[in-house]
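Visitor: sequence and predicted model, in that order:
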Amino acid sequence: GESVGLHLPTLSVQEGDNSIINCAYSNSASDYFIWYKQESGKGPQFIIDIRSNMDKRQGQRVTVLLNKTVKHLSLQIAATQPGDSAVYFCAAQTGANNLFFGTGTRLTVIP
Amino acid sequence: DTEVTQTPKHLVMGMTNKKSLKCEQHMGHRAMYWYKQKAKKPPELMFVYSYEKLSINESVPSRFSPECPNSSLLNLHLHALQPEDSALYLCASSHITDTQYFGPGTRLTVL
């Protein structure tokens, strides 16, 4: 199996600041990691992913870092905006289709 | 097109009713999933279909009955549900071993 946990259940940041959300996983066999954003009343929305053969991947205003040695990944959001307020889940995939979600971090952006 | 659609958006049913949730995708994905999400919790996997065959059933009670009529459609038939089954039911799809894309969910209330 897999156990995925986020370090902080809530995070508040000022608009324009950078946000960092951290996540830990337990199964060294997990080889694919995804960050999802979920707004109230909506389904999880894909943000960015990374495979275990990489340690960093960048998207538009988002960066995911993977440290396989300590089984840790993080999501960095640059210049956080009010529209970034949501619950963020990290998820680890082990095997073909088995995706394990972390408990989620609620990000609140203060205008 | 990375859209997964789900109907209905909301559903209220009594414990003796029979209802169905529907999910559709046209991305050519051959894996489809049902998740259950309770308030303030991460999604929990219920069922996985790969190539229209049930490949994972996470010990879900038989009052939930999945069906995959073809590669684009996924149904979840509901019968004799309990109030504790009230939740957001999410459908997702993916290429085999690839990123899962989620629909907006069906908010189910069992009276």
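Guide: Done, it's in. Small disclaimer: the values here were computed from a predicted structure and weren't measured.
Visitor: flag every residue of chain A that's near chain B.
Guide: Contact residues, chain A versus chain B (CB under 8 Å from any CB of the partner chain): A:32, A:34, A:36, A:41-46, A:49, A:89, A:93, A:96-99, A:101-104. C-beta: built from backbone N, CA, C; applies to glycine.
Visitor: any of those residues buried? List them.
Guide: A:32, A:34, A:36, A:43-44, A:46, A:49, A:89, A:93, A:97-99, A:101-104 (16 or more other CB atoms under 10 Å in any protein chain shown).
Visitor: which one among those residues sits at the bottom for pLDDT?
Guide: Lowest pLDDT among those: residue A:97, with 73.
Visitor: that one against residue B:99, yeah?
Guide: No. Contact criterion CB atoms under 8 Å: residue A:97 and residue B:99 do not qualify, at 11.1 Å.
Visitor: burial of residue B:96, as a residue count?
Guide: Residues lying near residue B:96 (other CB atoms under 10 Å in any protein chain shown) number 12.
Visitor: list the contacts for residue A:89?
Guide: A:6, A:35, A:36, A:38, A:44, A:101, A:102, A:104, B:42, B:43 (CB atoms under 8 Å, 6 or more residues apart in numbering or on different chains).
Visitor: change it to 6 Å
Guide: A:36, A:101, A:102, A:104, B:42 (CB atoms under 6 Å, 6 or more residues apart in numbering or on different chains).
Visitor: so the fourth one sits against residue A:90, correct?
Guide: This means residue A:104. No. With contacts counted by CB atoms under 6 Å, residue A:104 stays clear of residue A:90, the gap being 8.7 Å.
Visitor: which residues of chain A fall in strands?
Guide: A:4-6, A:10-14, A:19-25, A:32-38, A:45-51, A:56-58, A:62-67, A:72-77, A:86-94, A:98-101, A:105-110 (DSSP state E).
Visitor: tabulate these (CSV), appending distance to residue B:91.
Guide: Formatted as CSV, the strands of chain A follow (distance: least, CB to CB, whole Å):
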stretch, distance to residue B:91
strand A:4-6, 21
strand A:10-14, 28
strand A:19-25, 24
strand A:32-38, 14
strand A:45-51, 14
strand A:56-58, 27
strand A:62-67, 25
strand A:72-77, 24
strand A:86-94, 16
strand A:98-101, 14
strand A:105-110, 24
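Visitor: residue B:81: which of the contacts of residue A:89 is nearest?
Guide: residue B:42 (21.5 Å; CB to CB).
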